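1. With the input below, show me the fold.
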Amino acid sequence: MDNRLFINVKPGTTFLDRLTGKTKVRTFLILIFLLIATWDFRVIAPLLVLFVAALLSVKPNWKQIRGLIWFTVIMNLFNLLLLWLVEPDYGMNMCGGSTILFRVNSFHIVTSETLWYFLVRFSKFMATFLLSLTFIQSITPSELAAGLRSIGVPYKICTVVSIAFRYIPDITRDFQNIKISMQARGMELDPKKASLLSRLKQNVFILAPLIISSFDRVGNISNAMDLRGYGKKKTRTYYSEHEDTPGDRVMKYVYLAFLAFYIFLLIYHRIHPAVHEVWCPWIQ
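-> Down below sits the predicted model:
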């Protein structure tokens with residue numbers, strides 16, 4: 001079970017884990033749309049804090065996700081660095097001002113507006129990432145399928161999504177088993193003994209048996225579903241979906257409130273369009 005990545009195959013015991021798939025999917029989609037709709041730090045910052053608290057509440061396996069979190073943070077910062085190298089005064093276009101703090105050279109300058117925009121962009125990206133990570137940590141593939149079906153997605157597509165998520169851990173385990181088997185036959189994959197290019201080439205050879213075994217699994221699943229008459233009816237039920245709990249009823253008011261706020265933002269920006277995309281506190 002250590003090779004499951006962070007895909008849950010059975011519900012946990014925390015508040016978010018006990019919610020129905022319908023509640024989880026609807027809340028996730030509304031919050032994602034809300035993040036997409038705004039660049040206002042006054043909205044993004046509270047959401048970021050909320051998502052950090054939500055991730056902590058599901059009590060994830062930090063050994064499995066710590067590396068992913070650090071990788072995401074580093075790549076986000078690296079992206080901002082590249083953006084600054086290409087366009088040092090990017091904050092002028094986004095915030096509408098250019099207050100120079102200091103110059104690195106004749107071209108590269110550091111402005112307070114650019115730093116503010118980078119803070120907003122970093123916070124928005126991390127809020128989206130943490131929301132997605134919390135969603136994945138708190139939902140099972142079956143609950144995901146049930147939740148997608150509740151918003152009108154055809155159940156055949158829901159089943160495809162559910163099976164794909166359910167077999168990610170199995171594919172990962174197969175990859176590790178094939179890798180160990182190839183190493184036992186003399187393939188060198190140790191970073192201390194083989195170069196990066198060599199290890200990349202060796203990993204390509206692992207993909208061939210992995211793809212073959214994956215196709216075998218797809219065939220077995222397809223045959224089993226055909227024998228059970230899958231797809232003959234227009235609707236279907238999900239064993240993982242249960243009646244709304246008190247937590248679901250509370251969350252219903254919560255995600256409806258976020259939905260109302262999202263609609264308000266859309267209407268407000270239509271009536272009072274912003275001159276610049278990013279709100280900056282010292283620029284009127």
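2. Run through the helices of the stretch 151-284 of the chain in chain order.
-> Here the stretch 151-284 of the chain has its helices, by DSSP state H, counting those that start in this stretch, at 155-184, 196-227, 246-271.
3. Please name the residues that touch Lys156.
-> Gly231 (Cβ atoms under 8 Å, 6 or more residues apart in numbering). Where you see a C-beta, it was placed from the backbone N, CA and C, and this is true even at glycine.
4. Just the pLDDT for it.
-> Note for Lys156: predicted pLDDT of 85.
5. so Arg54 touches Leu16, yeah?
-> Slight slip there: residue 54 is Ala, not Arg. Yes. Contact criterion Cβ atoms under 8 Å: Ala54 and Leu16 qualify, at 6.6 Å.
6. intersection of neighbour lists for the two?
-> In contact with both Ala54 and Leu16: Thr134, using Cβ under 8 Å, 6+ apart.
7. what's the most centrally placed residue in the chain in contact with, if anything?
-> Ranked by distance to the mean C-alpha position of the chain (Cα atoms, centre = their mean), the top residue is Ser132 at 3.3 Å. Neighbouring residues of Ser132 by Cβ under 8 Å, 6+ apart: Phe28, Ile32.
8. any idea of the angle whatever helix or strand it lives in forms with helix 155-184?
-> If you go by DSSP states H and E, Ser132 is part of helix 112-138. If you take axes from the mean of the first three to the mean of the last three Cα atoms, to 10 degrees, helix 112-138 sits at 90 degrees to helix 155-184.
9. quick one, phi psi at Asn8?
-> phi -90, psi 130 (degrees, to the nearest 10).
10. tell me the contacts of the residue lying closest to Thr159 once chain neighbours are set aside?
-> Counting by Cβ to Cβ, 6 or more residues apart in numbering, Ala145 is the residue found nearest to Thr159 once chain neighbours are left out, at 6.1 Å. By Cβ under 8 Å, 6+ apart, the contact set of Ala145 is Gly21, Tyr155, Cys158, Thr159, Val161, Ser162, Tyr238.
11. Now do the same contact list for the third one.
-> In this structure, Cys158 makes contact with Leu144, Ala145, Ala146, Leu148, Arg149, judged by Cβ under 8 Å, 6+ apart.
12. what's the span of stretch 89-98, first residue to last?
-> 7 Å (Cα to Cα, to the nearest Å).
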